[in-house]
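S.K.: Provided below for reference: sequence and predicted model.
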Amino acid sequence: GCAESAHITVNATGQLDVSNCSARALGQNGGAVHVHVFEGWGQLMINQASAGGAGGGVYAGHFAAVAGSFVEIVSSNAVGQGAAMYVFESLALTGATKLRSCQTDLGSAVVVTGNAELSGVEFEDIRASAGCAFSGT
């Protein structure tokens with residue numbers, strides 16, 4: 001991914017913009033952001049990201065974007081699951097979240113394999129031929 005770290009924090013006045021990124025190798029996860037822990041109080045904007053594995057936009061262990069934050073993922077795709085996001089431990093999207101024009105042939109636009117808390121998430125133009133907009137296990 002373009003932003004790869006163990007921990008990323010975006011404070012309330014901060015903004016992280018990632019555009020035109022890919023993790024193209026087959027099986028490579030996290031097209032734009034590959035992180036174990038993401039904490040967001042500000043803005044995360046991802047445009048045109050792709051992954052050869054899971055998580056076209058974001059591949060994370062823990063991902064939290066709290067009330068007052070803004071997350072937008074546009075035109076992301078993944079060969080594997082999670083066209084926009086793949087989160088394998090916990091997902092909290094309680095701020096404004098927009099996911100648009102995301103595509104995968106396997107799984108869903110957002111896949112979480114742990115706990116999930118969603119509020120104010122908007123899905124638009126999601127193409128998941130073998131899944132749906134959101135799936136959790």
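M.R.: Right, received. Where do you want to start?

S.K.: can you list the low-confidence ranges for this structure?
M.R.: Within the chain, the ranges that satisfy pLDDT under 70 run 1, 137.

S.K.: grab the most central residue of it for me.
M.R.: The residue lying closest to the centre of the chain (CA atoms, centre = their mean) is residue 85, at 2.9 Å.

S.K.: check whether that residue really touches residue 60, as I assumed.
M.R.: Yes: under the criterion of CB atoms under 8 Å, residue 85 makes contact with residue 60 at 7.4 Å. Backbone N, C-alpha and C define where each C-beta goes, glycine included.

S.K.: nearest residue to residue 102 other than its sequence neighbours?
M.R.: Among residues not flanking residue 102 along the chain, residue 83 sits closest, at 3.9 Å (CB to CB, 6 or more residues apart in numbering).

S.K.: what about the strands in this protein?
M.R.: 3-10, 15-23, 33-40, 43-51, 58-65, 70-78, 85-93, 96-104, 110-112, 115-118, 121-128, 134-136 (DSSP state E).

S.K.: parallel or antiparallel, list what pairs with the last one.
M.R.: Yep, that's strand 134-136 we're talking about. strand 110-112 (parallel) (DSSP bridges).

S.K.: just how off-centre is the partner strand within its chain?
M.R.: Taking CA atoms, centre = their mean, to the nearest Å, the mean C-alpha location of strand 110-112 is offset from the chain mean by 8 Å.
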